[in-house]
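J.: Mind looking at a prediction? Sequence and model below.
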Amino acid sequence: MAQVYTWCEVIRCGGDFTYRGLKEKYEMDIPCADGCIKFHLKTTPINRDENGKPMPNNPRPE
């Protein structure tokens, strides 16, 4: 689970998985410790445009 949290933080901070050598920006397979099961992680960046740049915040409601 620590790996999943770490990779979600990478996306949250504006990075993507292509820096790790993967073809997809926001999808990766993570093997379990035994290597018997693979988990497919698909992330969705929030408050970012299609290039990964932060979008401006909306004004706060009064």
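T.: Now that the structure is in, tell me what you want to look at.

J.: tell me the contacts of Ile11?
T.: For Ile11, the contact set (CB atoms under 8 Å, 6 or more residues apart in numbering) comprises 26, 43-45. To be clear about C-beta, it is placed using only N, CA and C from the backbone, and glycine gets the same treatment.

J.: List buried members of those by neighbour count.
T.: Using 16 or more other CB atoms under 10 Å as the burial test, the contacts of Ile11 include 26, 43, 45 as buried.

J.: Mind putting the contacts of Ile11 into TSV with distance to Asp16 and pLDDT?
T.: Below are the contacts of Ile11 laid out as TSV (distance: CB to CB, whole Å; pLDDT from 0 to 100):
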residue	distance to Asp16	pLDDT
Tyr26	6	86
Thr43	9	83
Thr44	12	79
Pro45	8	75
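
J.: Just the closest of these to Glu9, please.
T.: Lowest distance from Glu9 to these (CB to CB) belongs to Thr43, with 10.1 Å.

J.: correct me, but that closest one touches Glu9?
T.: No: between Thr43 and Glu9 there is no contact under CB atoms under 8 Å: 10.1 Å.

J.: which one among the buried ones among the contacts of Ile11 gets closest to Gln3?
T.: Distances from Gln3 to the buried ones among the contacts of Ile11, taken by CB to CB, are shortest for Thr43, at 12.9 Å.

J.: low pLDDT regions in this structure?
T.: Flagging of the chain using pLDDT under 70 yields the residue ranges 1, 52, 60-61.

J.: center of it, which residue is that?
T.: Computing the C-alpha centroid of the chain and ranking residues by CA atoms, centre = their mean puts Ile11 first, at 3.3 Å.

J.: can you pull out the strands in this structure?
T.: Ranges of strands in the chain, per DSSP state E, are 27-31, 38-42.
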